[in-house]
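**Student:** When you get a sec, could you give me coordinates for this:
(one chain, ligands or ions: 2)
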Amino acid sequence: MNQILVTGGAGYIGSHTCVVLAEAGYGVTILDNLCNSRAEVLARLQMLCPTKLEFIKGDIRDPVLLEQVFKARQYQAVIHFAGLKAVGESTVQPLAYYENNVCGTLALLKAMQHHGPKSIVFSSSATVYGDPHAVPIKEDFPTSATNPYGRTKLMIEEILADLHRADTGWSIARLRYFNPVGAHESGLIGEDPLGVPNNLMPYVAQVAAQRRPYLNVWGNDYDTPDGTGIRDYIHVLDLAKGHLSALRYLEQHSELITLNLGTGRGYSVLEMVAEFERACGLKIPCRMGPRRKGDIAQCFADPTRSWELLNWRATRGLAQMCKDAWHWQCSEKLRNE
Ligand code: NAD
Ligand code: UD1
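**Tutor:** Residues are numbered from 1 along each chain as shown. Ligands and ions are numbered 1, 2, ... in the order given. The predicted structure is shown next:
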């Protein structure tokens, strides 16, 4: 069985991707230091996987551990999710972000160069487009960053491009995610942010669950039909399947590919709230607030290249995303009672 090393596989997107990989017949080893995920997730994740998952608790910045990991088993490829991802936190603790994301990726790539597979799928982000001059966003649009988190993604993208220029034996996918939301339909895995959620969907779900009194809508004076920000929300399982498609592509091509993973459709904050209200049958109280610093009016993908190259496209709509997010929220509540 072909074995894949999944760094950050206990986290939100990684855990859903592990399910998709295991269902597709791959062996999966997770390497995660659990700095933003819980060990309990692993047992629930295992329930969804037809084969036994391997779990290594450890840090991608640990070169000794990495050497052991790659010497102990032959991996076909690495899917690299491990990283810190909170934009606000990155502006307060930039060094922690450069250390974890950039130095961590360097340590991983060095170990792969010496002992491991030369095939990697990397989690990049639509944040690398900065404030795009137009929508939908194509992969060849200019890139920029407005915060340390975004800069770590750009730096890693550049490191990967240099690596491929130096040695075309590498197979590399740089996947730029738009806004992953929703959860596995079982309610066993999902997004579990610590503290106050920064992102819209988990915040809305917590308001619906009466854990928070109302949603702050950050700005209703944007140049959009209802004045609120527009984003490309993508079901996390569609995103996970995009990784499987990229992995299969890299099995056949030792190339550097850069792809948007989005649906190609944008929804406003108020449209998202209305759809969530339909999914949960409850009213979501909202309060209009000022714009959030660094936010942009509109961000949605042109996913054509992913379709042409990988034959991949998102299939789940906003109703399914909200339904699964709500089911996950209710399941978590029951488990915590
Ligand atoms: P997450 O925090 O749920 O998962 C990341 C996992 O990596 C966690 O389980 C964490 O414990 C682990 N980790 C972090 N640093 C590590 C280290 N040094 N060594 C080992 N494990 C480590 O985040 P997610 O939402 O699943 O995101 C996964 C990746 O996708 C991240 O790189 C993130 O930047 C990127 N991304 C996420 C989004 C999003 O909206 N969720 C959007 C674009 C890109
Ligand atoms: C987030 C990340 C960004 C990443 C992108 C795609 C932050 C600050 N930015 O931004 O780096 O590239 O996801 O994964 O985390 N909103 C509210 N009230 C809230 C929360 C959000 O009105 O409580 C609005 C925002 O103003 C925005 C929309 O909802 O218009 C979506 O916000 P969010 O979920 O944070 O995603 P991004 O802004 O796209």
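
**Student:** Quick one: name the residues of the protein near ligand 1.
**Tutor:** Within the chain, the residues that sit near ligand 1 (C-beta under 6 Å from any ligand atom) are 7-8, 10-14, 32-37, 59-61, 81-83, 85, 100, 104, 123, 125, 177, 180. Bear in mind the C-beta positions are built from the backbone N, C-alpha and C, glycine included.

**Student:** Of those residues, which are in range of ligand 2?
**Tutor:** S125, Y177.

**Student:** Could you tell me which of the residues of the chain next to ligand 1 count as buried?
**Tutor:** Among these, those that count as buried by neighbour count (16 or more other C-beta atoms under 10 Å) are 7-8, 10-14, 32-33, 36-37, 59-61, 81-83, 85, 100, 104, 123, 125, 177, 180.

**Student:** Show me what from the stretch 101-250 of the chain comes close to ligand 2.
**Tutor:** When proximity is defined as C-beta under 6 Å from any ligand atom, the stretch 101-250 of the chain approaches ligand 2 at 125-127, 177-179, 198-200, 203, 215-218, 229, 231.

**Student:** picking that back up, show only the entries of the buried ones among the residues of the chain next to ligand 1 found in helices.
**Tutor:** Using DSSP state H, the members of these that fall within helices are Y12, I13, G14, G104.

**Student:** Would you convert those into JSON lines that also reports distance to G169 and pLDDT?
**Tutor:** Putting those into JSON lines (distance: C-beta to C-beta, whole Å; pLDDT from 0 to 100) gives the following:
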{"residue": "Y12", "distance to G169": "32", "pLDDT": "98"}
{"residue": "I13", "distance to G169": "27", "pLDDT": "98"}
{"residue": "G14", "distance to G169": "26", "pLDDT": "98"}
{"residue": "G104", "distance to G169": "23", "pLDDT": "99"}
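
**Student:** Same list, these, but as CSV with distance to L154 please.
**Tutor:** Converted to CSV, these look like this (distance: C-beta to C-beta, whole Å):
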residue, distance to L154
Y12, 22
I13, 19
G14, 21
G104, 16
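
**Student:** wait, what's in contact with A24?
**Tutor:** Contact analysis of A24 by C-beta atoms under 8 Å, 6 or more residues apart in numbering lists L244.

**Student:** let's see it at 10 Å
**Tutor:** N2, I4, P50, K241, L244, L247, R248 (C-beta atoms under 10 Å, 6 or more residues apart in numbering).

**Student:** Quick check: pLDDT value at it.
**Tutor:** If you check A24, the pLDDT there is 98.

**Student:** any idea how far it lies from A274?
**Tutor:** Note on A24: its distance to A274, by C-beta to C-beta, to the nearest Å, is 35 Å.

**Student:** Then H164?
**Tutor:** 44 Å.

**Student:** Looking at these two, which is more packed in?
**Tutor:** Of the pair H164 and A274, H164 is the one with more neighbours under other C-beta atoms under 10 Å, namely 19 against 15.

**Student:** Look up phi and psi at G83.
**Tutor:** phi 170, psi 160 (degrees, to the nearest 10).

**Student:** That one contacts D59, correct?
**Tutor:** No - the pair G83 / D59 is not scored as a contact, 11.8 Å apart, by C-beta atoms under 10 Å.

**Student:** Pull up the overlap in contacts between those two.
**Tutor:** Shared contacts of G83 and D59 (C-beta under 10 Å, 6+ apart): T7, N100, G104.

**Student:** Strands along this protein, start to end?
**Tutor:** Along the chain, counting by DSSP state E, strands occupy 3-7, 27-32, 54-57, 77-80, 119-125, 171-177, 179-181, 215-218, 230-231, 233-235, 256-261, 267-268, 286-289, 298-299.

**Student:** Point me to the residue of the chain nearest ligand 2.
**Tutor:** G229 (2.3 Å; C-beta to the nearest ligand atom).

**Student:** Next up, the contacts around that residue.
**Tutor:** By C-beta under 10 Å, 6+ apart, the residues touching G229 are 200, 217-220, 222, 266-270, 272, 291-292, 295-299.

**Student:** Repeat the analysis, applying 8 Å as the threshold.
**Tutor:** Applying C-beta under 8 Å, 6+ apart to G229 gives the contacts W218, G219, Y222, S268, V269, D295, I296, A297, Q298.

**Student:** again with M288
**Tutor:** Neighbours of M288 in contact, by C-beta under 8 Å, 6+ apart: V217, N220.

**Student:** what about A72, how many residues close to it?
**Tutor:** By the measure other C-beta under 10 Å, the count of residues near A72 is 12.

**Student:** before we move on, what about the one 5 residues further on?
**Tutor:** By other C-beta under 10 Å, 24 other residues sit near A77.

**Student:** Excluding chain neighbours, what is closest to it?
**Tutor:** Closest residue to A77 apart from its sequence neighbours, by C-beta to C-beta, 6 or more residues apart in numbering: S119 at 3.8 Å.

**Student:** Please tell me how far the one you found sits from Q113.
**Tutor:** Distance of S119 to Q113, given as C-beta to C-beta: 12 Å.

**Student:** just K153 next, same as before
**Tutor:** Applying C-beta to C-beta, the value for K153 to Q113 is 21 Å.

**Student:** So for the two, which sits in the more crowded spot?
**Tutor:** Set side by side, K153 and Q113 show more neighbours around K153, with 24 against 13, by other C-beta under 10 Å.
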